[in-house]
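S.K.: show me how the following folds:
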Amino acid sequence: MAGLEDSQMTDQEALQSIAAIAEWVTKEAPGARADCGEVVRRLGRMTAGVDFEALGDREAQGLFGEVLGVLEGAGGRG
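M.R.: Numbering: from 1, shown residues only. A predicted model of the protein is given here:
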């Protein structure tokens, strides 16, 4: 989201949104299909306990890059 050109969302806001979605899916759909379930669980583990408000720009960009890598890797699988 934040990686989109002209996005109004900061990396921290994007991370918070992704973390919230991952947490929601894990709670609401624990039996999610295997193709997306593992990605959601990985994102949940990556973002669990992160204080997004306290992240500096460099840390937020680093974590956002890792999260984006997981999402892009998931999109490449079939």
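S.K.: got any ranges where the protein has weak pLDDT?
M.R.: Applying pLDDT under 70 to the chain flags residues 1-7, 29-35, 74-78.
S.K.: center of it - which residue?
M.R.: Central residue of the chain (Cα atoms, centre = their mean): residue 18, 3.8 Å from the mean position.
S.K.: what about the nearest residue to residue 26 once chain neighbours are set aside, neighbour count?
M.R.: Of all residues not flanking residue 26 in the chain, residue 44 sits nearest, at 5.3 Å (Cβ to Cβ, 6 or more residues apart in numbering). The C-beta positions use only the backbone N, C-alpha and C, and glycine is treated the same way. Residue 44 has 18 neighbouring residues, counting by other Cβ atoms under 10 Å.
S.K.: again, but for residue 62
M.R.: Residue 62: 13 neighbours (other Cβ under 10 Å).
S.K.: next one: phi and psi at residue 9?
M.R.: Main-chain dihedrals, residue 9, degrees, to the nearest 10: phi -100, psi 130.
S.K.: distance of it from residue 26?
M.R.: Going from residue 9 to residue 26 by Cβ to Cβ, to the nearest Å gives 22 Å.
S.K.: same deal with residue 13?
M.R.: From residue 13 to residue 26 the distance is 21 Å (Cβ to Cβ).
S.K.: swap in residue 18?
M.R.: The value you get for residue 18 to residue 26, if Cβ to Cβ is used, is 12 Å.
S.K.: please enumerate the helices of this protein.
M.R.: Chain-ordered helices for the chain, with DSSP state H as the definition, fall at 11-28, 34-47, 57-76.
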